[in-house]
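Q: Turn this into a model:
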Amino acid sequence: MASHKPESELLEFYVMKKAVVLLSGGLDSTTCLALAKSKGFDCYVISFSYGQRHTAELLAAQRIAKHYQVKEHKIVSLDTGLFRNSALTDANIAVPDFQDNTEIPVTYVPARNTIFLSMALGFAESIGSRDIFIGASSVDYSHYPDCRPEFIAAFQTLANLATKAGVSGDPFTIHAPLQHLSKIKTIELGISLGVDYSLTVSCYQANEAGEACGHCDSCTFRKRGFVGAGVADPTLYKAASNL
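A: Numbers count the residues shown, from 1 in each chain. Here you go, the predicted model:
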């Protein structure tokens, strides 16, 4: 006769299967959510409204969260004055076309992932989750310092020094499963997981209809990814950019 685990052990198992997933509504974070779901996690999703000009991503995040039937989707509004001197938050700074160099572009948002992960950490501890997923990648990216493996590792160390759970021996894991994947490999992974990329918006300056510019860093990496993966690009582009 098969043995049965005590109810307390089963409860602990299900608590540990909760995950908080950062979801912007873009390609990477959606792939990350699909991966977390495929691993059996109950997903609690958190998105942020911080004055970004690409608000179409937040609408996409809502569509995606509904599609994946997440346990809870929080959209956190932050004081827009926290994030200055970035092309993503200041309409007076133009979003540049893709530049193939190693300089950090004006689309960098000061300490964004640090702030987002900190809030996700608080959310995770409050619901008994010890797993946080973020779609950060250090391949095919704009050299943002808060997307590097060193940052993810450092934040995990901080998380386990700064929380009751961490110092009590119940540590957090910061999952960045796309960290070393190119956009091609990310898209291939997503397709294998059944991701519908037509739900996603990645452009730094998409319009209200979700149409992408086709020229910014995010659009360029996304376009190259679909071409390299041999997958039809479902992105809606502004008429002049659909070349």
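
Q: need the next SSE after the strand ranked longest in the chain, C-terminal direction.
A: Longest strand in the chain, counting residues (DSSP state E): strand 42-49. Where DSSP states H and E defines the elements, the next helix or strand beyond strand 42-49 is helix 56-67.

Q: so that following helix versus strand 42-49, what angle?
A: 160 degrees (axes from the mean of the first three to the mean of the last three C-alpha atoms, to 10 degrees).

Q: Tell me which other helices or strands helix 56-67 touches.
A: helix 27-38, strand 42-49, strand 72-77 (3 or more C-beta pairs under 8 Å, 6 or more residues apart in numbering; DSSP states H and E). (Each C-beta comes from the backbone N, C-alpha and C, glycine too.)

Q: Any buried residues in it, and which?
A: 56-58, 60-65 (16 or more other C-beta atoms under 10 Å).

Q: From residue 26, how far off is residue 36?
A: 16 Å (C-beta to C-beta, to the nearest Å).

Q: Pull the contacting residues for the residue nearest to the spatial centre of the chain.
A: For the chain, the residue nearest the mean C-alpha position is residue 29 (3.2 Å; C-alpha atoms, centre = their mean). With contact set as C-beta atoms under 8 Å, 6 or more residues apart in numbering, residue 29 has these partners: 21-23, 61, 134-135.

Q: Likewise for residue 189?
A: 31, 35, 178, 181.

Q: now these in TSV, with distance to residue 190, pLDDT and neighbour count?
A: Output for the contacts of residue 189, formatted as TSV (distance: C-beta to C-beta, whole Å; pLDDT from 0 to 100; neighbours: other C-beta atoms under 10 Å):
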residue	distance to residue 190	pLDDT	neighbour count
31	4	98	25
35	8	98	22
178	10	97	28
181	10	96	20
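
Q: Out of those residues, which comes closest to residue 226?
A: Set against residue 226, the nearest of those by C-beta to C-beta is residue 31 (13.0 Å).

Q: From residue 21, how far out is that closest one?
A: 11 Å.

Q: For this protein, give me the ranges with low pLDDT.
A: Per-residue confidence for the chain (pLDDT under 70) gives these ranges: 1-16, 87-90, 93, 95-98, 101-102, 107, 240-243.

Q: Inside strands: which ones of the contacts of residue 29?
A: Mapping the contacts of residue 29 onto strands (DSSP E) picks out 21-22.

Q: count of neighbours near the closest residue to residue 227 other than its chain neighbours?
A: Counting by C-beta to C-beta, 6 or more residues apart in numbering, residue 227 lies nearest to residue 233, which is 7.5 Å off, once chain neighbours are set aside. Here the number of neighbours of residue 233 (other C-beta atoms under 10 Å) works out to 17.

Q: same question, residue 153
A: The burial count for residue 153: 12, using other C-beta under 10 Å.

Q: so where does it fall, helix or strand?
A: In the assignment (DSSP H and E), residue 153 maps to helix 149-162.

Q: got the buried residues for that helix?
A: So for helix 149-162, counting by 16+ other C-beta under 10 Å, buried means 151-152, 155-156, 158-160, 162.

Q: what do you get for stretch 191-208?
A: Buried, per 16+ other C-beta under 10 Å, within stretch 191-208: 195, 197, 199-206.

Q: Using a markdown table, please lay out those residues together with distance to residue 124 and secondary structure.
A: Listed next are the buried residues of stretch 191-208 as a markdown table, based on distance: C-beta to C-beta, whole Å; DSSP: H, G, I helix; E, B strand; the rest coil:
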| residue | distance to residue 124 | secondary structure |
| --- | --- | --- |
| 195 | 23 | coil |
| 197 | 27 | helix |
| 199 | 25 | helix |
| 200 | 24 | coil |
| 201 | 26 | coil |
| 202 | 25 | coil |
| 203 | 29 | coil |
| 204 | 28 | coil |
| 205 | 31 | coil |
| 206 | 29 | coil |
